[in-house]
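> Here is a sequence with its predicted model. Questions after.
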Amino acid sequence: MIVDTHCHLDDERYNDDLDKVLENARQQGVEKFIIPGADPKSLERAVEIAEDYNDVYFAVGVHPYDAENYDRSYLEKFAMHPKCVAIGECGLDYYRLPETLEEIEAEKKLQKEVFVDQILWAKELKKPLIVHIRESSADCLELLEKYAGEEGGVLHCYNADESLLKLAKRNFYYGIGGVLTFKNARKLINVYPKIPLERLLIETDAPYLTPHPHRGERNEPAYTTLVADKMGELSSLSRDEISRITTENAQRLFGI
């Protein structure tokens, strides 16, 4: 059994064949799926999918690129849904910032405010976080250490920054996806053995970050098996052992 802890099944690229995508994944041993909340505009679609399929769950949150659209009052009703298992995808992303110093400072301030509010909200609800970190490790680490609750969460698409490994002691897990199979993933491959086995999760970020040898194609939850194989290779464990360990981790974190 494998749990895809991060797949954007609400993306329009699955509108025509979602049944087939899910069935293909189930045939590969994927038995549970979590849709991260990233864009409020597609949240109703995520809830609809979770209600239609027993093995699909969702999270509620706003991606840092959509921080200006954050409205907790709108999101709150979705967070109380029985199949909502986390708050996020939320965090900080400094990859694309404005040009002027004043605009950069304003953007970072907004992202931090929205991130902190979602951290505190997760703590209030006693739900784990799904955290997006891109070129912002130091600020994310500071905010998580200061505000995060004991429920912890997952560092989605873990970026191989070793400073973030200290969060394992704060009940944070590390989402490993198709990037691990990339030829240029040397940094992640080198850091991977330092992650405790009891803190590993499998994810695809589908339809993005498709693993080798399918790069360039739409990613799907069925490709979690390719990630599990690479994780097993680096851990000297079989796919079955990796699947069991990461599934137990996902069940423990998300309560599914």
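Received it, and whenever you're ready, just let me know what you need.
> and the closest residue to residue 197 other than its chain neighbours, how many neighbours does it have?
Excluding the flanking residues, the one nearest residue 197 by Cβ to Cβ, 6 or more residues apart in numbering is residue 245, at 5.5 Å. Just so you know, the C-beta spots here come from the backbone N, C-alpha and C atoms, and that holds for glycine as well. Counted with other Cβ atoms under 10 Å, residues neighbouring residue 245 total 21.
> Surely residue 245 is within a helix?
Yes - Residue 245 forms part of a helix when assessed by DSSP: H, G, I helix; E, B strand; the rest coil.
> Which residues are in contact with it?
Contacts of residue 245 were listed using Cβ atoms under 8 Å, 6 or more residues apart in numbering, and they are 197-198, 200, 237.
> wait, which of those is closest to residue 134?
Relative to residue 134, the closest of the contacts of residue 245 is residue 200; by Cβ to Cβ it sits at 20.4 Å.
> Spatially nearest residue to the closest one (excluding sequence neighbours)?
residue 246 is the one closest to residue 200 (Cβ to Cβ, 6+ apart), at 5.4 Å.
> Quick check: neighbours of the longest strand seen in the chain in the sheet, parallel or antiparallel?
When the chain is parsed with DSSP state E, its longest strand is strand 84-93. Strands that pair with strand 84-93, judged by DSSP bridges, come out as strand 56-60 (parallel), strand 129-134 (parallel).
> what's the model's confidence in whichever helix or strand comes after the first one, averaged?
If I follow you right, that is strand 56-60. Of the helices and strands lying after strand 56-60 in sequence (DSSP states H and E), the nearest is helix 72-79. For helix 72-79, mean pLDDT rounds to 94.
> Three-state assignment for the spatially closest residue to residue 97 that is not a sequence neighbour, please.
Nearest residue to residue 97 in three dimensions, chain neighbours excluded: residue 104, at 4.9 Å (Cβ to Cβ, 6+ apart). Of the three states, residue 104 takes helix according to three-state DSSP.
> Does residue 104 touch residue 96 like I think?
No - counting by Cβ atoms under 8 Å, residue 104 stays clear of residue 96, with 10.8 Å between them.
> and those two? which has more neighbours close in?
A direct count of neighbours by other Cβ under 10 Å for residue 104 and residue 96 places residue 104 higher, at 13 against 9.
> For that one, give its distance to residue 94.
Distance from residue 104 to residue 94, counting by Cβ to Cβ, to the nearest Å: 9 Å.
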